[in-house]
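S.K.: coords please:
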Amino acid sequence: MAENENAQGTGPKPITAKTRFLYGMGDWAFSTMSNVETFFFNFFLTNVAEFSGPIVTTIATFTSTFDALTSWIQGGIINAVKPGRFGRYRTWLVTIPWIVPFLYTFQFLKIGDGPLAYVLVTLGFIISHFVWNIPWSANAALISVVGGTPEGRAAMSSSRATWNQMAGITFSYIGLPLATFLGPIIGQQNRFAGASFLLGLLMVLGYFVNFLATAGYEEIETTGAAATKPSKTKASVGEMAKSLVQNPSLCVLIFATIPGLGIRFIPPAVAAYYFTYVAKDMSIMPRYILFTSLGAFFGAFISGFIAQKISSRTTMIYAYILAAIACFLIYLNYANVWLVISLMIIVQMCQGICYSVYPALFADCAVYTKWKLNVDSRGFVMGLITVPLKVAIIGRSVIINASLMAVGFSAAALRENPALNTVEMQRGITGAFALIPGIILIVGILLMVFGYRLTREKLNQYQAEIDSRQ
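M.R.: As a prediction, the model looks like this:
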């Protein structure tokens, strides 16, 4: 009963240094695993499986769209079903992740030719993502559970994001090298499948560390015949719907986070094409991954300090402005490879800052919902983070493949006739790499400036009123 006693004490339990440090390890492991997809899924479809352009576009768009349309369900599942043995949120960190490595592998396997190959890749993507979104959403909800104040939520969010961005550094050393090592052993076509499976096992261990690190913060509710009072963390479908539609800042935030997540997913996915066909030196890419990952790590590391000084909302706006400027400069100087890398380091630093403050902003919206509706829908609200994330992944698929098709890209044709790699093709690749993300960032700036209204002062007032009710 120790966890119950800790969770039900007067006021929020203080965040220990151990909890803050270890909490993000699950996200580090998860992002290291998912980086196989971020950097190489589209490249796998075009250059390894060698599917045709229309098939690649169909697979990439359909899978990411399905993922986005179902991404809200997982948070609803968490808040709708009865709490598990270890709490409503922590239970999911140890019951679901072990399934993912086996499902994720099929996303990078080409088995047979024709429709069978397309279907297996598509199902591998859809099912693995649906399953992994559940522990991901539960893990994000723990920010609101562990962090009892805006500052506490910002601190937990910053720790999570710092570990998350460290995944890029890790991946720069083990991602492509691991796939390259596995190629001669399991076959070149299967090298990314092997890497995804092994890194999936790392994800399982990472979430287990998060499970251990957050012990004692979540109330363990009695369920079934022994229950003496209704669950305080269960929310009905109607209550969850009200949590969204009666929270205007949350509605704005869902759309405003898409541009920042766009620069997290789009440039990395285009990088393989940029270094193959614009820089014409794929050997630079591991260094590019390392340097931009270091930039993102630095951004995540400093974000907590910045957010505590000027608020998470203002931090996000300034980061968007700086990233947009860097994106436009990249497009204008696309042929200067090392200048492009330097500017992309700035872009990813801003992405690291934004990725750090997003969960804190969503957690703040959950506080507003609790204050206004007296409904604890943290799992649902925090699960909504996956919606803009999945929309950004759809955008990645659409932008990359539309840009490639617009310039007549064909990996097979370019291999046979390098002269087809024209200036127009290089500009088209760089447009997807930087110009379009920069334009989308401008939209995000306008949404946050004019649409998101939750301030630190209001949130402290809301939290105080919530605490007084208890």
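S.K.: I'd say I169 and F291 touch.
M.R.: No - with contact defined as CB atoms under 8 Å, I169 does not reach F291; the gap is 9.6 Å. Placement of C-beta: from N, CA and C, glycine included.
S.K.: now the helices: where do they sit in the stretch 351-470 of the chain?
M.R.: Under the criterion DSSP state H, counting those that start in this stretch, the stretch 351-470 of the chain contains helices at 378-383, 386-406, 411-416, 423-430, 436-451, 456-469.
S.K.: From the contact counts, what lies against the longest one?
M.R.: So that's helix 386-406. helix 25-43, helix 53-80, helix 115-146, helix 248-273, helix 423-430, helix 436-451 (3 or more CB pairs under 8 Å, 6 or more residues apart in numbering; DSSP states H and E).
S.K.: of the ones you listed, which approaches I174 most closely?
M.R.: Minimum separation from I174 across the helices and strands packed on helix 386-406 (CB to CB) falls at helix 25-43, 7.7 Å.
S.K.: so what does that closest one touch, helix or strand wise?
M.R.: Against helix 25-43 (3+ CB pairs under 8 Å, 6+ apart) you get helix 53-80, helix 115-146, helix 150-186, helix 191-213, helix 248-273, helix 386-406.
S.K.: could you give the angle of it to helix 248-273?
M.R.: Interaxial angle, helix 25-43 versus helix 248-273 (axes from the mean of the first three to the mean of the last three CA atoms, to 10 degrees): 50 degrees.
S.K.: Using PDB, list the CA coordinates for helix 25-43.
M.R.: This file holds the C-alpha atoms of helix 25-43, laid out as PDB (Å, rounded to 0.1, in the frame of the first residue of the first chain):
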ATOM      1  CA  MET A  25      14.800   6.600 -20.400                       C
ATOM      2  CA  GLY A  26      11.700   5.000 -21.800                       C
ATOM      3  CA  ASP A  27      11.400   7.800 -24.400                       C
ATOM      4  CA  TRP A  28      15.100   7.500 -25.200                       C
ATOM      5  CA  ALA A  29      14.600   3.800 -26.000                       C
ATOM      6  CA  PHE A  30      11.300   4.300 -27.800                       C
ATOM      7  CA  SER A  31      12.800   7.100 -30.000                       C
ATOM      8  CA  THR A  32      15.900   5.100 -30.700                       C
ATOM      9  CA  MET A  33      13.700   2.300 -32.000                       C
ATOM     10  CA  SER A  34      11.300   4.600 -34.000                       C
ATOM     11  CA  ASN A  35      14.200   6.400 -35.600                       C
ATOM     12  CA  VAL A  36      14.600   3.400 -37.900                       C
ATOM     13  CA  GLU A  37      11.300   4.400 -39.300                       C
ATOM     14  CA  THR A  38      12.000   8.200 -39.200                       C
ATOM     15  CA  PHE A  39      15.200   8.000 -41.100                       C
ATOM     16  CA  PHE A  40      14.700   4.900 -43.300                       C
ATOM     17  CA  PHE A  41      11.100   3.800 -43.900                       C
ATOM     18  CA  ASN A  42      10.500   5.900 -47.000                       C
ATOM     19  CA  PHE A  43      14.100   5.100 -48.200                       C
END
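S.K.: from the middle of its chain, how far away would it be?
M.R.: Distance of helix 25-43 from its chain centroid, counting by CA atoms, centre = their mean, to the nearest Å, is 9 Å.
S.K.: Pull the number of nearby residues for the residue nearest to R85 when sequence neighbours are not counted.
M.R.: The spatially closest residue to R85, leaving aside those adjacent along the chain, is T91, at 6.0 Å (CB to CB, 6 or more residues apart in numbering). Other residues near T91 come to 20 when the count uses other CB atoms under 10 Å.
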